[in-house]
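Chemist: give the three-dimensional model of this entry:
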Amino acid sequence: MVINSSRFNFADYISQMLQDYGVEVVKAMTLSIDEVAKESVKRLKDDSPKGNTGKYARGWAVKFERGALRAGATIYGKTGTYQLAHLLEKGHAKRNGQRSRAFVHIAPVEQWAINEVHDRTVRRLEAGIR
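Modeler: Numbering: from 1, shown residues only. Got it, this is the predicted structure:
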């Protein structure tokens, strides 16, 4: 079999294949990001310091971002609680010159989410996206 370049434009064929694959990758990533973002919010709500009222722990939410060839999610603290995140995660100086204890609860969930999105996306692409 001989492929004649005048009848078959190989560059257009490869370009179309890559474009189709790109759409599949974005679809797989979108599904993975959506699942992991929702699970991350649940984990943060469970792992966050409860305090007296539990308002801070209940204040986690997710905002999904979509574009033509991109997907993303932002997990954030709702109004009134977002200011505490850094202080609780890192600790802070107290009036008496000592430091408060750090309640590390965001970093482990963030690291888990990064790894999990990657793993789920790869599994979806290998399995043919479900």
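Chemist: what is the mean pLDDT for stretch 10-30?
Modeler: If you average the pLDDT over stretch 10-30, you get 82.
Chemist: where does Ala73 land in three-state SS?
Modeler: Secondary structure for Ala73, judged by DSSP: H, G, I helix; E, B strand; the rest coil, is strand.
Chemist: spit out the contact partners of it.
Modeler: Neighbour list for Ala73: 33-34, 36-37, 62-65 [criterion: CB atoms under 8 Å, 6 or more residues apart in numbering]. The way it works is simple: take the backbone N, C-alpha and C, and place the C-beta from them, glycine included.
Chemist: of those residues, buried ones?
Modeler: Listed as buried from the contacts of Ala73 are 33, 36-37, 62; burial here means 16 or more other CB atoms under 10 Å.
Chemist: got CSV for these, with distance to His118 too?
Modeler: CSV is the format used below for the buried ones among the contacts of Ala73 (distance: CB to CB, whole Å):
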residue, distance to His118
Ile33, 11
Val36, 10
Ala37, 14
Val62, 18
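Chemist: now intersect those residues with the helices, please.
Modeler: 33, 36-37 (DSSP state H).
Chemist: and the buried ones among the contacts of Ala73, which is closest to Gln111?
Modeler: Nearest to Gln111 among the buried ones among the contacts of Ala73: Val36, at 11.9 Å, using CB to CB.
Chemist: how about the contacts made by that closest one?
Modeler: If you count contacts by CB under 8 Å, 6+ apart, Val36 has them with 73, 113, 116-117, 120.
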